[in-house]
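> Got a sequence here, can you model it:
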Amino acid sequence: MNAKTSPAPRAWKDVYDETKLTEDEQRALDEAAGERRGREAELTGTAPVPKREAEDAVEDPETIPEWAHVPDPRSGFRFPKGKRVIFVRIRADLTDAPDKGDRDVVIWTLSDGEENHATKRAAGDSSRTYKEMTKQMIRSIDGHKVDWSGSASPGNIARFWEEIGPVARTLLVNVYHRTHAPKQEVILDFFINCFAARSAVAG
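Next up, the predicted model:
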């Protein structure tokens with residue numbers, strides 16, 4: 001009986017060449033990944049941060065909705081690097097000032113310092129906390145950079161908050177919750193796969 005013989009070892013380069021994707025296969029994978037990211041952005045109500053130079057005011061129609069108004073960069077308005085930007089339109093008939101037409105805002109998530117500012121404005125009133133957090137995440141109003149000074153500028157946040165009425169305010173608070181809280185699947189993954197409790201051992 002002949003003894004079994006092991007197959008001759010194969011060179012690493014031969015194995016790599018056999019498993020390497022062709023250009024068409026790689027292109028198909030890239031397109032599928034792009035479509036998946038697009039569906040995720042649509043489901044979460046977010047859009048990729050527009051890529052633009054600070055002095056370039058040209059809007060990219062693929063990233064900014066046609067109904068959205070973006071402040072002139074010369075006003076000091078800048079999109080944050082590495083964050084998703086959210087564009088929200090509020091229908092005129094939902095507001096307390098329908099004569100002003102549809103309103104729109106640009107939003108992105110809060111930093112730790114911004115959360116602290118909002119908490120201080122709430123002054124310990126838990127019923128105001130989420131409203132103040134929501135106002136803090138608004139970055140522009142109808143194409144004007146948000147103004148916290150209390151002046152009569154178009155970007156006056158207090159006046160806007162009053163004009164949009166309770167229904168629109170509630171919708172924006174919901175946007176805050178949706179963008180600042182983990183989804184159920186993230187919570188489950190965290191506690192199932194990323195959390196381990198152990199008893200302390202006296203030393």
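
> ok, which stretches of this protein are strands?
In chain order, the chain shows strands spanning 86-90, 103-107, 138-141, 144-145, with DSSP state E as the criterion.

> Please pull out the lowest mean pLDDT helix or strand from the chain.
Confidence across the helices and strands of the chain bottoms out at helix 12-19, with a mean of 48, counting by mean pLDDT, DSSP states H and E.

> picking that back up, looking at the strands of the chain, which is nearest to residue 195?
The stretch from the strands of the chain with the least distance to residue 195 (CB to CB) is strand 86-90; that distance is 29.6 Å. (Each C-beta comes from the backbone N, C-alpha and C, glycine too.)

> and residue 102, how many residues sit next to it?
In terms of burial, residue 102 registers 14 neighbours under the definition other CB atoms under 10 Å.

> residues in contact with it?
67, 89, 90, 91, 92 (CB atoms under 8 Å, 6 or more residues apart in numbering).

> Give me the buried subset of those residues.
Members of these that pass the buried threshold by neighbour count (16 or more other CB atoms under 10 Å) are listed as residue 90.

> For the residue positioned nearest the centre of the chain, report the pLDDT, please.
By CA atoms, centre = their mean, the chain has its centre lying nearest to residue 84, at 3.5 Å. With respect to pLDDT, residue 84 scores 89.

> Same question for residue 89.
Predicted confidence (pLDDT) for residue 89: 97.

> cool, and residue 26?
Residue 26 is assigned a predicted lDDT (pLDDT) of 69.

> I appreciate the help and will end here.
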